[in-house]
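For reference, the sequence and a predicted model appear below.
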Amino acid sequence: MADKKKDKKEKSPEDDYDFFAPHPHPTKVRVRQSFFDHVPDAYDGKSIAFNESPKRGQKKTAEESKPESPKPEEETPAESPDKTPVQETIANPITMDIVAADPWDTKYSSAQSRLLIKGGKIVNDDQSFDADIYIEDGIIKQVGTNLVIPGGARTIEARGKLVMPGGIDTHTHMQLPFMGTYAVDDFYSGTKAALAGGTTMIIDFVLDQKGVSLLEAYDKWRGWADPKVCCDYGLHVGVTWWSDQVAKEMETLCAEKGINSFKMFLAYKDVFMLNDDELYESFKRIKELGALGMVHAENGHLIAEKSKEMLKMGISGPEGHEMCRPEEVEAEATQRAITIANQANCPLYIVHVMSKSSADVVSKARREGKVVFGEPIAASLGTDGTHYWNKCWRHAAGHVMGPPLRPDSSTPGYLMDLLANNDLQVTGTDNCTFSADQKALGKDDFRKIPNGVNGVEDRMSVIWEKGVHSGKMDPCRFVAVTSTNAAKIFNIYPQKGRIAVGSDADIVIWDPKESRTISAKTHHQAVDFNIFEGMVCHGVPVYVITNGHVVLDEGQLKVTQGMGRFIPTPCNAEMVYGRVAKRELARMPQKVERDPYTGPVVKIENQDEVPGVKRDENPIVGDTASFAHSRPPTRGEQFDDKAPRRAQIRTSNPPGGKSSGLW
């Protein structure tokens, strides 16, 4: 018995090895550092030798399999009591000059350079699918499942939520000087509010007075925006006067300044308005440059006259603003702008479509093949003009904008239907906010109320509520009208407006199940009024990412002034000019080849007097000065000369009507 125990103790480690037990020397975890790094033990033999002992031997690691090189014998120091202590030399302390650090340049770096959005449903304009997104240095690097990413990345769990491209607001006026005052939302508060609502880029308007150089105005707006913007932005340029200088500066703006769109006004007579001949010249120039023409469509001459009529009738409140700008005034100008642009073969973009009739004009023109785009705004899609008749002057004045909101309460739904079906293409806000005190400039004359409303923060929620939540459009169409179509029209796609590898990391993580109530008390804008006050919106942004920065983090807004960039918009956008060249060739006037005319030609001797027969020399008419009418007199024998004369009979209604009637 003792011998058996002894035998068990003397067993070799190889005999004690269990084939099914965990490997005693597991290989190190293989972490792929890059696509080209060497994987440990990649070239070791891993085949089982069936002709050897069935018992598995212990696997040698990569280090053990290498041939052993002779190692120098290590000398073990003898421990003696008289061991010499190690002498450590301490160098003199290094003196350093204290220099103030440069401010962190947030434009070209990211506070969170690595970010993983996991488990969400990606929604682009053309498809939606489940996938993860890896972001590094402000760019989308990977899209897919089972992504291999480096360590140190922050993970955002997006399960059950929609991951969409950040919104692009095509129409804003931040800190605009207008009607004697400035808009209260500047480029800081305005872009901060945009990010809070899921918009990651705005396109503002350079809009100065008549006679001001376009280049000087451009530099002024860049000087205002660059130090303040919290998100990326682009610029349109307003053309408020016309000359050869303006035409030259437009070319410079397109070639060197990153501008591809110019806005003209048919309203605001004597301030911004161009005449039709100037509008035609500007359209021709825009076409030559490969840019896009934009028009504020209202008949400025009629508005000026109707405004005077309203004041004469004693109507000086905000309701007069709408009544002097009826729908047909907007529709007429829209039709006129489309006609003039079509004659110049210039693509056209109608800003802030506010009425059914103007929307129908745009829709009809598109069906006829004209290159025209329509832009309803958050205000026209989310509310109506019945507020102008509110008993509270402040409330009514808070809705004053141009063109005005329409009192027909079915207008927002009608415009949303056209937007959902691509008769209208993009959405902006015309965000141009003025406080109640500023609006009070027109307390006695509605013409002096500064025009403008809010919308940059609430646009995405309002369109989701009125479009997607109501069942009029799907999430893909929502992405198209809030982001992708704008990126295509202004030629920044797919850098913006799409979630794809290589695109900017401008992303909104949207929770369609959450809801919020819009209020001036909780919004992030500087204005003290909100035209959507009390509206409950289903669909809320939970995370907003701009250039790889998480700026809205579970409801907490964290922004930095100057973090945004100016985004140039190149000319000749494919969506705008893709068919213009062929259309121009197809519509080119053709000369008719014919034989020259060889017949007689009348000779005109006196250019001042046109040859012809004078009236008094006409044998048919003759001199009819003594007649009360120009009918030629009867001549010769008549067929009823021998008939007896009937006695005169008075009738109340003789044939041909009463002689005493109105003629």
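That came through, no problem.

what are the ranges of the helices in the stretch 151-300 of the chain?
For the stretch 151-300 of the chain, the helices defined by DSSP state H, counting those that start in this stretch cover 187-196, 214-225, 244-256, 276-289, 300-312.

Of all the residues in the second one, which ones are buried?
What it means is helix 214-225. If you call a residue buried by 16 or more other C-beta atoms under 10 Å, then helix 214-225 has these buried ones: 214-215, 217-218, 221, 224-225. C-beta here means a position set from N, CA and C on the backbone, and glycine is covered the same way.

and the residues you listed as JSON lines, adding pLDDT and distance to residue 168?
Rendered in JSON lines, the data for the buried residues of helix 214-225 read as follows (pLDDT from 0 to 100; distance: C-beta to C-beta, whole Å):
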{"residue": "214", "pLDDT": "98", "distance to residue 168": "24"}
{"residue": "215", "pLDDT": "98", "distance to residue 168": "25"}
{"residue": "217", "pLDDT": "98", "distance to residue 168": "23"}
{"residue": "218", "pLDDT": "98", "distance to residue 168": "20"}
{"residue": "221", "pLDDT": "98", "distance to residue 168": "18"}
{"residue": "224", "pLDDT": "98", "distance to residue 168": "20"}
{"residue": "225", "pLDDT": "98", "distance to residue 168": "16"}
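
what's the closest of those to residue 580?
Nearest to residue 580 among the buried residues of helix 214-225, counting by C-beta to C-beta, is residue 214 at 23.7 Å.

Not counting sequence-adjacent ones, nearest residue to that closest one?
Leaving aside its sequence neighbours, residue 214 sits nearest to residue 249 (C-beta to C-beta, 6 or more residues apart in numbering; 4.2 Å).

again, but for residue 132
Ranked by C-beta to C-beta, 6+ apart and with sequence neighbours excluded, the top spatial neighbour of residue 132 is residue 118, at 4.9 Å.

circling back to that earlier point, select, out of the helices of the stretch 151-300 of the chain, the one closest to residue 338.
Taking C-beta to C-beta as the measure, those were each checked against residue 338, and helix 276-289 came out nearest at 10.8 Å.

The residue nearest to residue 214: what's it in contact with?
With contacts defined as C-beta atoms under 8 Å, 6 or more residues apart in numbering, residue 249 is in contact with 213-215.

Please repeat the previous calculation with a cut-off of 10 Å.
213-218, 237, 239, 243, 257 (C-beta atoms under 10 Å, 6 or more residues apart in numbering).

and what of residue 225?
Each residue near residue 225 by C-beta under 10 Å, 6+ apart is listed here: 174-175, 186-188, 190-191, 202, 204, 206, 233, 235, 562, 564, 566.

now do 7 Å
Taking C-beta atoms under 7 Å, 6 or more residues apart in numbering as the contact definition, residue 225 lies against 187, 204, 233.

any idea how far residue 305 is from it?
Counting by C-beta to C-beta, to the nearest Å, the separation of residue 225 from residue 305 is 37 Å.

Let me know the closest of the contacts of residue 225 to residue 263.
residue 204 (11.2 Å).

residue contacts, the closest one?
Taking C-beta under 7 Å, 6+ apart as the criterion, residue 204 is in contact with 172-174, 221, 225, 233, 235.

Report the spatially nearest residue to it, omitting neighbours in sequence.
In space, not counting the residues next to it along the chain, residue 204 is nearest to residue 172; the distance is 4.9 Å by C-beta to C-beta, 6+ apart.

cool, residue 555 as well?
residue 542 (7.3 Å).

Assumed that neighbour was part of a helix.
No: residue state for residue 542 (DSSP: H, G, I helix; E, B strand; the rest coil) corresponds to strand; a helix is not indicated.

burial count for residue 409?
Here the number of neighbours of residue 409 (other C-beta atoms under 10 Å) works out to 11.

now do residue 137
Neighbours of residue 137 under the rule other C-beta under 10 Å: 13.

List the residues that contact residue 272.
Residues 238, 240, 265 are the ones in contact with residue 272 under the rule C-beta under 7 Å, 6+ apart.

and it, what pLDDT?
Reported pLDDT at residue 272 in the predicted model: 96.

what about it, distance to residue 231?
27 Å.

before we move on, the earlier item: quick check, nearest of the contacts of residue 225 to residue 357?
Here the nearest of those to residue 357, counting by C-beta to C-beta, is residue 204; it sits at 28.5 Å.

State the distance from the closest one to residue 261.
Residue 204 sits 11 Å away from residue 261 when distances are taken as C-beta to C-beta.

Could you do residue 192 as well?
Going from residue 192 to residue 261 by C-beta to C-beta gives 25 Å.

What of residue 518?
Between residue 518 and residue 261 the distance is 30 Å, computed by C-beta to C-beta.

repeat for residue 319
34 Å.

Between the two, which is the more surrounded one?
Set residue 319 next to residue 261 and count neighbours by other C-beta under 10 Å: residue 261 wins out with 27 against 20.

Just list the residues touching the more buried one, thanks.
Residues touching residue 261, when contacts are defined by C-beta under 7 Å, 6+ apart, comprise 236, 291-292, 294, 490, 569.

again, only this time at 6 Å
236, 292, 294 (C-beta atoms under 6 Å, 6 or more residues apart in numbering).

Could I have the buried ones of the residues you listed as ChimeraX selection syntax?
Selecting the buried subset of those in ChimeraX, with 16+ other C-beta under 10 Å as the burial test, is done by:
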select :236,292,294
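
Which member of the contacts of residue 261 is positioned nearest residue 286?
Within the set of these, residue 292 lies nearest residue 286; the separation is 7.0 Å, counting by C-beta to C-beta.

Please name the spatially closest residue to that closest one (chain neighbours excluded).
Leaving out its chain neighbours, the residue that sits closest to residue 292 by C-beta to C-beta, 6+ apart is residue 261, at 4.4 Å.

Go ahead and confirm residue 418 touches residue 412.
No: in this structure, residue 418 is not within contact of residue 412 by C-beta atoms under 6 Å, at 11.1 Å.

before we move on, back to that, between the buried residues of helix 214-225, which is nearest residue 198?
Ranking the buried residues of helix 214-225 by separation from residue 198, with C-beta to C-beta as the measure, puts residue 225 on top at 20.5 Å.

How much space separates the closest one from residue 307?
Per C-beta to C-beta, residue 225 is found 33 Å from residue 307.

out of the helices of the stretch 151-300 of the chain, deepest packed?
Ranked by mean neighbour count, those are led by helix 187-196 with a mean of 27 (mean count of other C-beta atoms under 10 Å).

Now for residue 507: which residues touch it?
Contacts here follow C-beta under 6 Å, 6+ apart; on that basis residue 507 touches 166, 545.

mind redoing it with 10 Å?
For residue 507, the contacting residues are 115, 117, 120, 122, 133, 135, 140, 156, 158, 163-166, 198, 200, 499, 543-546, 548, 550, taking C-beta under 10 Å, 6+ apart as the criterion.
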